[in-house]
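Undergrad: pasted the sequence and its predicted model underneath.
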Amino acid sequence: MPDLVRCLRVALLPQEGNGADSQYLRLAELPALCCQAAGGEPEWADAVTAAWLCFYQAAHLMDSVQDQDEPEPWWAEAGPGMALNVASGLFFSAALVLEQMRSETHPGSAATQVSAEFYRGALSMCSGQQLELTCREPGLGQYWSFANQKSGTFFALACGAGARLGSDERHKLEALRNFGQQLGLYIQVRDDLDEFRPARAFGKARGGVHLASTLPVVYAREVLPESERRRLSTAVWAAQENPEAAAEVADLVEQSGASLFILTEIERLRCEAKAALSSTALESQAVARLGILMEIQ
């Protein structure tokens, strides 16, 4: 048990030198900021923050294994089984935090509703992941459906759960959930765009199911002529082992105009997230901080 606890702590705490550290720490503010924006005190969302971060890192570990990413140092030697076991531990840790929060309040309270919302959200994310894993080459409509079920749901959960602990006013909760939904999509699209920076610079890319379901490839597949689509499909499935194939994916994606499309979508999602915040009609430091958070992702 002590060894598992050590691994759980390592998985939860950002590692020095990890480029995702600053984003992770900023995103950890979401439940507290949304609770404050809805009219509550930030500390009311402490349990939700802890549970959400456990879910966040557990999902990250499972994605890393499924996408065959380069392992983090702490589980590289032991292999993916270690990562999956720690992910399971994080899921159960989140469940214990939610159960404690729920048991400390009366039935029907906000905490009880939030706990149920977490589990519904987790099931929705699993459904989205299942669809993505079984859909070899999704279309644009399918991409947005998967992204909404996964990233959109997950960030809507952070914002909506935090807000619910601060208020039960429907318009506030809907606005802050919508903000989280758009933020999640925004982060997903930005992450997908980042997939192509290594391919453009170094001729390296992840291949297979993961690469085939990123937005640049999905868009290119939607708009390229048939002959280029066939070339793209072949290159995507060879990209992980073949630098030339990875470079061809990057070239075809650029040829399709995907970069302009994605930058337009990023701006659209940013505007929709800001509009959701504006619709709360609240003037507070928390709302301002959420707006800044959107700008610095």
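TA: All right, it came through fine. The model shown is predicted, which means the values in this text are computed figures rather than measured ones. Numbering: from 1, shown residues only.
Undergrad: next, residue 179: phi, psi?
TA: Residue 179 has phi and psi values of phi -60, psi -50 when expressed as degrees, to the nearest 10.
Undergrad: enumerate every residue touching the residue nearest to it when sequence neighbours are not counted.
TA: Closest residue to residue 179 apart from its sequence neighbours, by CB to CB, 6 or more residues apart in numbering: residue 276 at 4.1 Å. To be clear about C-beta, it is placed using only N, CA and C from the backbone, and glycine gets the same treatment. Contact analysis of residue 276 by CB atoms under 8 Å, 6 or more residues apart in numbering lists 175-176, 178-179, 182.
Undergrad: how much space between residue 276 and residue 129?
TA: Using CB to CB, to the nearest Å, we find residue 276 at a distance of 25 Å from residue 129.
Undergrad: got it, and residue 270?
TA: 25 Å.
Undergrad: in helices only, show me the contacts of residue 276.
TA: 175-176, 178-179, 182 (DSSP state H).
Undergrad: mark which of those residues are buried, thanks.
TA: By neighbour count, with 16 or more other CB atoms under 10 Å, these hold 175-176, 178-179, 182 as buried.
Undergrad: any weak-confidence spans in the chain?
TA: 1-2, 14-22, 106-108, 195-209, 282-283, 295-297 (pLDDT under 70).
Undergrad: all strands of it, in order?
TA: Here the chain has no strands by DSSP state E.
Undergrad: which residue of it lies farthest from its centroid?
TA: Within the chain, residue 227 marks the point farthest from the mean C-alpha position, 33.5 Å out by CA atoms, centre = their mean.
Undergrad: what about the most centrally placed residue in the chain, distance to residue 259?
TA: Centroid check for the chain by CA atoms, centre = their mean gives residue 151 as the closest residue, at 4.0 Å. Note on residue 151: its distance to residue 259, by CB to CB, is 20 Å.
Undergrad: do residue 154 as well
TA: From residue 154 to residue 259 the distance is 26 Å (CB to CB).
Undergrad: now residue 100
TA: Distance from residue 100 to residue 259, by CB to CB: 47 Å.
Undergrad: thought residue 94 was touching residue 51?
TA: Yes: here residue 94 reaches residue 51: they are 4.2 Å apart, a contact under CB atoms under 8 Å.
Undergrad: those two - which one has more neighbours?
TA: residue 51 (28 against 24; other CB atoms under 10 Å).
Undergrad: what's the burial count for the closest residue to residue 40 other than its chain neighbours?
TA: Excluding the flanking residues, the one nearest residue 40 by CB to CB, 6+ apart is residue 166, at 2.6 Å. Around residue 166 there are 25 other residues, counting by other CB under 10 Å.
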